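# Return atomic coordinates for the entry below.
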Amino acid sequence: MNCFQLIKTVLDEAYGDIPGATEREKDDAIKRELNRLGRQYRKLWKTGCLDYSDPTTRFAYIYRYVTAHANLVYNHVRSCDHLASLFDEPKVQVACIGGGRAASSSES
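You can find the predicted model right below:
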């Protein structure tokens, strides 16, 4: 199972937690939350952490940002031989991905 199939499974389950009597109501709530999250992320440096306790917020975050981040990580790992070779190992431990300064292409 690739990461996008996994995310779809998570979203399918999370969709049921979104308040609304109809799919249209749920979809409209998701669209509003996607817009709100976009505005919040633009000023995140001022406001600090976002609250993900609302099921619609969690769904919107996973839908927009987790998929994008997973794609960025996937493409980076795929393009770096030394990272891709880790997947040939029988066991790999990962402490974190990111969190530091951006590496130049010569450092990757």
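# and the residue nearest to Phe59 when sequence neighbours are not counted, how far is that from Thr57?
Leaving aside its chain neighbours, Phe59 sits nearest to Ala14 (4.8 Å; criterion: C-beta to C-beta, 6 or more residues apart in numbering). To be clear about C-beta, it is placed using only N, CA and C from the backbone, and glycine gets the same treatment. For Ala14, the distance to Thr57 equals 11 Å [C-beta to C-beta, to the nearest Å].
# if we can go back for a sec, while we're on the residue nearest to Phe59, how confident is the model there?
On pLDDT, Ala14 comes in at 96.
# just Cys96 next, same as before
Reported pLDDT for Cys96: 71.
# that older thread, how close does the residue nearest to Phe59 get to Cys96?
Distance from Ala14 to Cys96, by C-beta to C-beta: 24 Å.
# Can you show me the helices along this structure?
3-15, 23-42, 44-47, 55-61, 67-79, 81-84 (DSSP state H).
# hey, which of those helices is tucked in deepest?
Neighbour counts (mean count of other C-beta atoms under 10 Å) averaged over each of these peak at helix 55-61, with a mean of 20.
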